[in-house]
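>>> need coordinates for the below:
(2 chains)
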Amino acid sequence: MTAPLAGEAMVPGDEAGVAAVVRAAYAAAEPLLVLGNGTKRGILRPVQAARVLSVGGLTGITLYSPQELVLSARAGTSVAELNAAVAAKGQQITGEIPDFSRLLGGTAPQTLGGAVAANLSGPRRVAWGATRDHLLGVRAVNGTGEVIRSGGRVLKNVTGLDLCKLLAGSHGTLAVLTEITLKVLPAPERRATLVVRGLDPVKGVAALSAALGSPYGVSAAAYVPAAFSLRVPGLHGASALVRLEDFATFVAYRSERLRAELAPFGQVDVLDDATTQEAWAALRDAAPLVDEPGAIWRVSVRPSAGPRVAAVLERMFDACWFLDWGGGLVWIAGPATEDAHDAVCTAAREAGGSWTLMRAPKALRASVEVIPPEPAPLAAIARRVKAAFDPRGILNPGRMRAGE
Amino acid sequence: MITQLPPRQNVLARRDAIVAGLRHLLPPDGVIAETLRLKPYETDGLTAYRQVPLAVVLPETTAQVAAVMAFLHREGVRVVPRGAGTSLSGGALPMEDSVVLGLMRLNRILDIDYADRLAVVQAGVTNIGITQAVQGRGFFYAPDPSSQLACMIGGNVAMNSGGAHCLRYGVTANNLLGLKIVTVEGEVLELGGAYLDAAGYDWLGLLTGSEGQLAIVTEVTVRILRSPEGSRAMLAAFRSNEVAGACVASIIASGIIPVALEFMDRPAIHACEAFAHAGYPLDAEAMLIIEVEGSTAEQDELLGRIRAICARHDPISLKVSSSAEESAAIWKGRKGAFGAIGRISPDYLCMDGVIPTSRLADVLGRIREMSAAAGLQVANIFHAGDGNLHPLIMFDANNPDSLGRAERLGAEILTLCVEVGGCLTGEHGVGAEKRELMGVQFTAGELDQQRRIKSAFDPGWLLNPSKVFPLQAAPA
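Below you'll find the predicted structure:
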């Protein structure tokens, strides 16, 4: 679905090169499409820009100190390379960054810069925080071509305004990330998944809540309806599933305790380490829905509201869906129409939550609000903050909202 | 001593009219303007600096906060938000022409939802108050700053407060879902809510730790967590800071993340032992308090592994607690550390630098040299797992020379923290205290970038003046 990078992309080899490109674009007031390897261009709105600036040329790990739990890499380094590097030292990137290559098409490796700019997090988010929660520091080039830093390479830092969090999830509209430092954590010795079978969505989410509210350190919790269960390894039929990750003896003990606590909900099966890894990778990457035609949305609501959002959209347009984050993240597939999009927005709004249009044809992405609009006073602040970084509006114009 | 922006004479001249205007907006006891009753608001946890404000307002609702902000914005009056006033960096230090906006009367817990694992509380609820409200059901609110009995969640948000357990549970920012804020113009906005990761710019993340520079926080939606089955501590004493530092690195590298990993150097051990009689080893140069969580069997396994790691570092003593009472005894000295230092020194400054943990021994050695050169005693207490150093510099506030030397030594220590790859503050905030050191950590361009964001929220620079940014270049 994502076209290969256009031939005219500028791919500087270092941060100074990125700054030079942005300075020239600033001088010429010429918009730039900012990306890593472009694997997430299908999310949110299409950008109208004459030129393409890729940070894909800024590669390499610049610092990895396992005993300090700190990893720094240039923004164009592939997430796969980082995952391999930390795995070699028995550690992992906590945010469990999803791989949306099947969802969005394309075979290029996603970059760390892209993953952080989109603040993408996987199933572990519900227990251990988002990618932005483990972001210790950034280097970036703002819209005038100036290099700015925020945070650093230490685990605690409240010095000055936290631009790390602001830039994470800003999709390259405020500054071009050039180097990123993450807190990493030890990888678990063992994993297991408990599956409660045959529950309806409301009871399923109640089971997830019971597990997440237990003292056993559940690291992920999802619900998959029967219709899509065969697309997830280890599942068949409606499944409420929770993951344990820890030392082997802990996982054995906690599996038994949790199995007993979940028994009142229904039959509980346990998936082994290998199946657990496959199942949660599938959920992380939205595997149950990637082959559905049409548009795909992510809606974030309070966990107990997830089943209702799903039920409403099933009624409205026969939505395909599953729930992650304990029920609070509703993945939805449906027709790529404005009507379906409006239904998603309404359902999210009525549940007091947020939505993101993850995949749709360009025409739809360009014509709808791909994320919730902001109330007028906040929108005014947002315009001033955008101008504070990018006064000429040259970085990814229109990526998140029309006219911005 | 701290300098302040010059007060706005046109505001001072209109004091009576401003106070009268505020009295129209709030209940009768919600405005304080009598000199004697203003006195308690002249300082916060950084008592070396004092300034009586123009007035204090104590609103009870978000609507009242909004009305006050709209009025003060129209009048061009500076505003200093204040929770419990426990800031150790002078984050709530008033100015002569400022109105202190106290949030302690917004003290209600609005909602607790165990199924969705969240609580909605007003800004003036104390940190411990949240945990107390949910612990009956086995839940807790994770960030636990030392001042948690007094400090309020609104101030925790403003400072992005940490605590002894953030290595495992994160700081305030990692435990928030949503905020209700009032802008400098008096608009009420909701950021985030009862759900994860609102799409769009991360206003929640930007506001957290913004030290009252961007808006007033009136309501907070926090994540609550189920408490672990249990927890237990151990104590390990070593012959040198180097060895203790190496032991910390070995524990982390082994794949164990203790929920707390506290380091005390020799002066801190002696001060705490004299105060608390916790049984700390007085012949040690450095001591670690290590806490783990889980079932009893899990605690045994983790403490066994950690004990074996410590044993490889030539410990003077190892004491693994076998009960909650023994754990409490191990923590007793550490938790009383500030009181202990207060007992041996009339006054002290509590610094808050962060260093890469690999530089621990080297930095402590240089702090020892610096304190000898300054002729002041320093005790070091340290969240060792995350490199957050709390040197306590002892001085005598009645002796201006002593305070001056303490301030200079503090600045030298923090500069050292930045030089070795760390930062000025890990959990106390920049406040008034470290404002002039910001240039050590940031370039002029980086500070300007932050100032432009401040201006985007607060174009007239009315919110919490004379904090965070060096004064020289701030708009008057």
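>>> got a list of what the closest residue to chain A within chain B touches?
Across chain B, the shortest distance to chain A (Cβ to the nearest Cβ) belongs to residue B:205, at 2.7 Å. (Each C-beta comes from the backbone N, C-alpha and C, glycine too.) Residues in contact with residue B:205 (Cβ atoms under 8 Å, 6 or more residues apart in numbering or on different chains) are A:132, A:162, A:164, A:165, A:166, A:168, B:173.
>>> want to throw those into JSON lines with distance to residue A:229, secondary structure and neighbour count?
Shown next, in JSON lines, are those (distance: Cβ to Cβ, whole Å; DSSP: H, G, I helix; E, B strand; the rest coil; neighbours: other Cβ atoms under 10 Å in any protein chain shown):
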{"residue": "A:132", "distance to residue A:229": "31", "secondary structure": "helix", "neighbour count": "24"}
{"residue": "A:162", "distance to residue A:229": "40", "secondary structure": "coil", "neighbour count": "25"}
{"residue": "A:164", "distance to residue A:229": "38", "secondary structure": "helix", "neighbour count": "26"}
{"residue": "A:165", "distance to residue A:229": "36", "secondary structure": "helix", "neighbour count": "27"}
{"residue": "A:166", "distance to residue A:229": "39", "secondary structure": "helix", "neighbour count": "23"}
{"residue": "A:168", "distance to residue A:229": "33", "secondary structure": "coil", "neighbour count": "28"}
{"residue": "B:173", "distance to residue A:229": "36", "secondary structure": "helix", "neighbour count": "26"}
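>>> wait, residue A:279 touches residue A:193, no?
Yes - assessed by Cβ atoms under 8 Å, residue A:279 is found in contact with residue A:193 at 6.0 Å.
>>> tell me, what's touching the two both at once?
Counting by Cβ under 8 Å, 6+ apart, the contacts common to residue A:279 and residue A:193 are A:234, A:241, A:271.
>>> residue 66 - how many residues pack around it?
Because you didn't say which chain, this covers chain A. Per other Cβ atoms under 10 Å in any protein chain shown, the neighbour tally for residue A:66 reads 19.
>>> chain B was what I was after
For residue B:66, the neighbour count with other Cβ under 10 Å is 20.
>>> Provide the backbone phi and psi angles at it.
Here is the backbone geometry of residue B:66 (degrees, to the nearest 10): phi -60, psi -40.
>>> repeat for residue B:335
phi -70, psi -20.
>>> tell me which residues in the lowest-mean-pLDDT helix or strand in chain B are buried?
Least confident helix or strand, chain B: helix B:337-344 with a mean of 86, by mean pLDDT, DSSP states H and E. Under the neighbour-count criterion of 16 or more other Cβ atoms under 10 Å in any protein chain shown, helix B:337-344 has B:337, B:338, B:340, B:341, B:342 buried.
>>> in contact with residue A:179, which residues?
In this structure, residue A:179 makes contact with A:15, A:58, A:62, A:72, A:73, A:74, A:75, A:138, A:139, judged by Cβ under 8 Å, 6+ apart.
>>> can I get the shared contacts of residue A:279 and residue A:193 in TSV with distance to residue A:371 and pLDDT?
Shown next, in TSV, are these (distance: Cβ to Cβ, whole Å; pLDDT from 0 to 100):
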residue	distance to residue A:371	pLDDT
A:234	33	97
A:241	29	98
A:271	35	98
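>>> possible to save those as CSV with neighbour count?
What follows is those, written out as CSV (neighbours: other Cβ atoms under 10 Å in any protein chain shown):
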residue, neighbour count
A:234, 20
A:241, 29
A:271, 21
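>>> so of those residues, which ones are in strands?
Counted as lying in strands by DSSP state E, out of the shared contacts of residue A:279 and residue A:193, are A:241, A:271.
>>> ok, of the shared contacts of residue A:279 and residue A:193, which one's closest to residue B:127?
residue A:241 (34.5 Å; Cβ to Cβ).
>>> contact partners for that closest one?
Residue A:241 neighbours (Cβ under 8 Å, 6+ apart): A:193, A:194, A:195, A:196, A:221, A:222, A:223, A:224, A:235, A:271, A:279.
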